[in-house]
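Student: I'll drop the sequence and a predicted model, then ask my questions.
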Amino acid sequence: MAEKLPLLHDLLERHYNAKPAVDIERARYVTASLKGSKDSDDPMPIRRAKAVASYLAERDIVFHDNNLLGGATTAKEIGAPVYPELFGMSIWPELDSISARPQNRLLLSKEDADILNFDVYPYWLDRTVVEVVRKVDPERQSLLEKLVIFTITKAATLSHTTPAYKIVLEKGIDAIIREAKEKEQASGGDEDKRIFYQSMQHAMQGVKRYAERISEQAAALAKKESAPKRVKTLEAIAAVCGAVPANPPSSYHEALNTVALCQVAVLAENVNMAINPGRLDQLLYSRFIEDYRSGKLSIADALTLTGCLWFKLADNVNLVPEASERLFGGAGAVPAITIGGVDENGEDAVNELTFLMLKVTELLPIRDPNVNARYHPEKNPEAYRDDVTRVILSTKAIPAMYNDIQNIEALGRQLGEGHEAHARDYAIIGCVELGSPGRDYSASSSIFMMMNTILYMVLHDGRTAVTGDKRLGPATGDPSEFKSFDDVWNAYVAQSQWMAENTVAFNNTYGITHQALLPTPLLSCFFEGPMDKGMDLIDGGALYNSSGVTHIGFADVCDSLSAIEDVCFNEENTRMHMSLGELIAAVDADFKNHDKLRAYVVNHAPKFGSRHPIAEKNAANLIALEYELFNNAKNYRDGNYRVAYWTMTNHAGYGSVCGALPNGRKAKQPYSSGITPASQIDTELTTALSAVAHLDSKQIPGAYALNIKLSPMPASAENAAKLGAVIETYMKEGGQQVQFNIYDYETLKAAKKAPDEYPHLVVRVSGYSAYFDALNSVMQDELIWRSQYNLQSNQLVKLEERSKTP
Amino acid sequence: MTSTRKPGLLERFIDFATGFLRRSREAKLEKLKALLIAELDSECMDKILELLLCGMSLMFFIDREFRANIRRFKARYAFTSQDKGISASAVFKTSWLFGYPKMIVYTKAVSKSNVAVEFKDGQSLAKLLLSPRPDIFAGILDNNLSLNGNLNYILKFAYMARHLPARLGITVPEFA
């Protein structure tokens, strides 16, 4: 790459060597603006739009490197922006030490720390979303703060959605401002609409001014610069940002910069978590092919320019306090790019740009952006499928693959009859979730359900480990009195209902608080619906509204139910039989002095992933139950809740602080990730894939993360085709998604032991990519512990110490 | 330009009085350092809260830069051990005299606190407020710590508390 694409080579080196830093600029401008307007008569949508616009219009213009695109998420080369209105204050205790902390350190100067400490944070002490919610519902807030009962992510972010940058690419921001002004003038006496249209204009003026200032600054720097190459770069940026996003792009270069600037703009208003550019090979194709065919753009230039966008999307990370490292450490901002699949008419959408973006992904195996390849087994060419698998083998992790047949059907049922075209146009949100870009305000990471907590409540008559004797859920009876497995299941249903009702109610409380405090006029400009309805996205302005609920501990809970059924209620089981009361006592004792029982449940009880009929039944029942509980529940925007099974790093983090389970998982061990069968169960690769594929994907409209680890193999055409064929079979059986780590146990163990010898080793966690050395120890262990399969033999490669805990 | 004006009698008196008080409090803080080191080394740490609050209070008086943290800061913190054997409070307010910000320590838990901390033992509290590797999760999940009220106030308090060992040159263990 150094010879053929020198700029990308240099940018990659810089990216790897850049030290992430806390960026206070957004917090400073937004706080100052809101402080200044707190006594004004402006309603909150206007105040907030002005605050975001003031940041965009006045922030520092920086050119850290020779990237050909203008704009940056923060003033730092890689920055962690502070959003004090949500969780930005969580680093307060470590302002003096965050630059030196052992894991994922973030540089912060004394001057910036003082600004946060004295100017920014005091304003927000009583104004954060969490503190406003606490006044409304202190009881549920207290449960949330117990950490392991449930998680409502709106305390920290909303985000998790895919805007329609298509709107800006097609008409430009000037047209959006004009339209909002016309609508404002036509809104008559409707005060809410008038305010909303005004707030849209303020927000877009901020974006426009930001681009203009980049253009001015680049032009000024070009005049002072002597190196001809640098002059050319700066002049190009000046020209591009002088034209877009105010106007629609007229070249591939301008189109890419439009996307970069839109992304920066959205992150000025919304937390940098899973804001996704969407289907870039579709959005940018016309500009790309026009320039390419007219000879204005060479393939090398196209690769370089596209790579420049990759680095722009990767210029920010989340602000994670040290105390949360064990749960969330190592995650990027997860902007998801989707390529391939079918178009809105259901026809093959794979194009030349799809292949080019795959090549860029191969050349730049970086944490962000999160690249996802859609594949329609009946419509997309095999050559595309095998190029995707070749890139997976080459990068050892990227991209993830999605089955168009199942996902379009699952999402289509959510969007409703007559909206199939919008479902066919789906893009991935953040980790794995499905959404129709720019139409579907999905907030797909709203609730994290701890399935292990529900099971604990079943086995302890509605109590949780962290609340002790206080009963939270319904009294479902002393489990030692249960007469059959049906009693266990009925109790599970009752406790799940309690959990679903409470999480939905509390998520809605948070949603209503967001509506009052955090209107999103800027993001609303990049969606279909708000302009026509005169309504902010947060109030339900989008065409489709939903919230996402994902689940932690699926395989472990499924296997635990199967173990209970097998050991306590299967009279034909002569090898291991005991009462449920005895089993619970053994589990609560973390299997101490119960080695025989643990050995049995680990090695012989039915396991999800093995196609054992008991495990299949329990898996199907769990999936159906969660769908039923949430699909009909209403969110605060009159949408429903979409069930998903992805876990980020939470399965490892939460697992590390929770007690044992009846499936033999000992206390403080990680849970299995996403929908993935428990690690080290003795089954073949295709059997494990088949078990997941047979789940009813219509009941998993938010999608899932299936993590498969394969023994390393060369990225040859033969291996790529073999892997492609296995994936195709899995998809034809009904699988929705799959992602890979092409590493063996030994490599990951060695990388944990000597991280400096394995720099920038990219792994798939549970929906996104991460650098192995940036993950906490628990998550590293989970990745090592994951089942490793040999693609050629289809067999599990046994971990020598498999009987030990990870 | 440096001012050549001589301080007036009142100013000289205030300088003398505050200087005297500062020196006496610096001496107290130095004594407290030895106690804090011993306490952090002990098993039960049952005096940690008292020492921490007293130390912070002295530091606010002595150190102008540190005192800037509580300028115009009004807050009430209540600390109680789970067995109710230890109680204390820190109240931050502005003195009516000269608008001087101050921290007042009480040996009981005040009502109407912005945040109330209930802790199992001194080590649980030290993990929350002083540890260089704070592990609030473990504290909450092991039922060693319960926080009620506005947690932002705890974040601010922890930031300020961490300055005490830093100023005294004490290395706080990670309490693994």
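Tutor: Yep, it's here.
Student: from here on, contacts and neighbour counts on C-alpha atoms
Tutor: Fine.
Student: Could you tell me which residues within the helix or strand of chain B with the lowest mean pLDDT count as buried?
Tutor: The least trusted helix or strand in chain B, going by mean pLDDT, DSSP states H and E, turns out to be helix B:136-141, with a mean of 72. In terms of neighbour count (16 or more other CA atoms under 10 Å in any protein chain shown), helix B:136-141 has its buried residues at B:136-141.
Student: Next: stretch A:30-48.
Tutor: Residues A:30-35, A:37, A:44-48 are the ones in stretch A:30-48 that count as buried (16+ other CA under 10 Å).
Student: next one: stretch A:559-573
Tutor: A:559-570.
Student: and which of those is nearest chain B?
Tutor: Ranked by distance to chain B (CA to the nearest CA), those are led by residue A:560 at 22.1 Å.
Student: Residues of chain B that sit close to chain A?
Tutor: By CA under 8 Å from any CA of the partner chain, the residues of chain B that approach chain A are B:69, B:133-138, B:140-143, B:148, B:150, B:152-153, B:155-160, B:162.
Student: run the last query once more with 7 Å
Tutor: Proximity of chain B to chain A (CA under 7 Å from any CA of the partner chain) is limited to residues B:134-136, B:140-141, B:143, B:150, B:152-153, B:155-156, B:158-159.
Student: Can you flag the buried ones in these?
Tutor: Listed as buried from the residues of chain B next to chain A are B:134-136, B:140-141, B:143, B:150, B:152-153, B:155-156, B:158-159; burial here means 16+ other CA under 10 Å.
Student: And the residues of chain B next to chain A, which is closest to residue A:634?
Tutor: Nearest to residue A:634 among the residues of chain B next to chain A: residue B:150, at 29.2 Å, using CA to CA.
Student: how far out from the middle of the chain is the one helix or strand residue B:90 maps to?
Tutor: Under the criterion of DSSP states H and E, residue B:90 resides in strand B:87-94. With CA atoms, centre = their mean, to the nearest Å as the basis, strand B:87-94 stands 9 Å off its chain's centre.
Student: In PDB, could you pull the C-alpha coordinates for it?
Tutor: Extracted as PDB, the C-alpha positions of strand B:87-94 are listed here (Å, rounded to 0.1, in the frame of the first residue of the first chain):
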ATOM      1  CA  SER B  87     -22.300   8.900  60.600                       C
ATOM      2  CA  ALA B  88     -21.000  12.100  59.300                       C
ATOM      3  CA  SER B  89     -21.900  14.900  56.900                       C
ATOM      4  CA  ALA B  90     -20.200  17.500  54.800                       C
ATOM      5  CA  VAL B  91     -22.100  20.700  54.200                       C
ATOM      6  CA  PHE B  92     -20.800  23.200  51.700                       C
ATOM      7  CA  LYS B  93     -22.000  26.800  51.900                       C
ATOM      8  CA  THR B  94     -20.900  30.300  51.600                       C
END
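Student: mind listing what that strand pairs with, with the direction of each?
Tutor: strand B:75-81 (antiparallel), strand B:101-106 (antiparallel) (DSSP bridges).
Student: Can you say which of these is packed in most?
Tutor: Of all the strands paired with strand B:87-94, strand B:75-81 has the most neighbours on average by mean count of other CA atoms under 10 Å in any protein chain shown, namely a mean of 21.
Student: State the mean pLDDT of that strand.
Tutor: The pLDDT scores in strand B:75-81 average 97.
Student: Show me the contact partners of it.
Tutor: Residues outside strand B:75-81 that contact it (CA atoms under 7 Å, 6 or more residues apart in numbering or on different chains) are B:86-93, B:109-110, B:113-121.
Student: before we move on, what about stretch A:713-730?
Tutor: A:377, A:385-386, A:389-390, A:393-394, A:689-690, A:693.
Student: And the strands in the stretch 401-550 of chain A?
Tutor: A:427-429, A:433-435, A:440-441, A:447-450, A:544-552 (DSSP state E, counting those that start in this stretch).
Student: Could you point out which of the ones you listed sits nearest chain B?
Tutor: Per CA to the nearest CA, nearest to chain B of these: strand A:447-450, 14.4 Å.
Student: Pairing partners for that closest one, with directions?
Tutor: Sheet pairing of strand A:447-450 (DSSP bridges) gives strand A:150-152 (antiparallel), strand A:544-552 (parallel).
Student: which of those sits most buried?
Tutor: Comparing the strands paired with strand A:447-450 by mean neighbour count (mean count of other CA under 10 Å), strand A:544-552 comes out on top with a mean of 26.
Student: going on from it, what's the next piece of helix or strand?
Tutor: Following strand A:544-552 toward the C-terminus (DSSP H and E): helix A:554-568.
Student: list the helices and strands that following helix packs on?
Tutor: Using 3 or more CA pairs under 7 Å, 6 or more residues apart in numbering or on different chains; DSSP states H and E, the elements in contact with helix A:554-568 are helix A:451-459, helix A:613-631.
Student: Tell me how many other residues crowd residue A:319.
Tutor: By other CA atoms under 10 Å in any protein chain shown, 27 other residues sit near residue A:319.
Student: Contacts only, for it.
Tutor: Taking CA under 7 Å, 6+ apart as the criterion, residue A:319 is in contact with A:80-82.
Student: could you dump the residues you listed to TSV with secondary structure, pLDDT and neighbour count?
Tutor: Shown next, in TSV, are those (DSSP: H, G, I helix; E, B strand; the rest coil; pLDDT from 0 to 100; neighbours: other CA atoms under 10 Å in any protein chain shown):
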residue	secondary structure	pLDDT	neighbour count
A:80	strand	97	27
A:81	strand	97	26
A:82	coil	98	26
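Student: Done for today, thanks.
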